[in-house]
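# Using only what follows, build the 3D model:
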Amino acid sequence: MTQAEAANYLRITDRAVRVMISDGRLAGYTMGGRRTVRVRRDEVEALMQPIPAAGA
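Next up, the predicted model:
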């Protein structure tokens, strides 16, 4: 998925996705020398952390 698609999926900005790529929380990939950076959907989903229920 593109950076924009990842940002939309996570409900964050494109810039936040770029920051995650630059600091290593998310791996970015280019395909065939193109400038467009893509990320893997499974890696984006792995960023999501469940919040424990109150009193649990």
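# what ranges do the strands span in this protein?
29-30, 37-38 (DSSP state E).
# so of those strands, which one's packed in deepest?
Of all these, strand 37-38 has the most neighbours on average by mean count of other CB atoms under 10 Å, namely a mean of 16. Glycine gets a C-beta too; all of them are placed from N, C-alpha and C.
# Who are the packing partners of that strand?
The contact analysis (3 or more CB pairs under 8 Å, 6 or more residues apart in numbering; DSSP states H and E) places strand 37-38 against strand 29-30.
# So what's the model's average confidence on the strand it packs on?
Computed over strand 29-30, the mean pLDDT rounds to 92.
# What strands line up against that strand, and which way round?
strand 37-38 (antiparallel) (DSSP bridges).
# and N8, how many neighbours does it have?
14 (other CB atoms under 10 Å).
# what's near enough to touch the most centrally placed residue in the chain?
Residue closest to the average C-alpha location in the chain (CA atoms, centre = their mean): V44, at 4.2 Å. With contact set as CB atoms under 8 Å, 6 or more residues apart in numbering, V44 has these partners: M1, A6, Y9, L10, L26.
# do you know which of the strands of the chain lies nearest S22?
Nearest of the strands of the chain to S22, taken as CB to CB: strand 37-38 at 10.5 Å.
# and that closest one, what's its mean pLDDT?
Rounded mean pLDDT across strand 37-38 is 94.
# Find the residue closest to L26 in space, skipping its chain neighbours.
What sits nearest to L26 in space, not counting adjacent residues and going by CB to CB, 6 or more residues apart in numbering, is M20, at 4.1 Å.
# How many neighbouring residues does the one you found have?
22.
# all helices of this protein, in order?
Ranges of helices within the chain are 3-10, 14-22, 41-46, based on DSSP state H.
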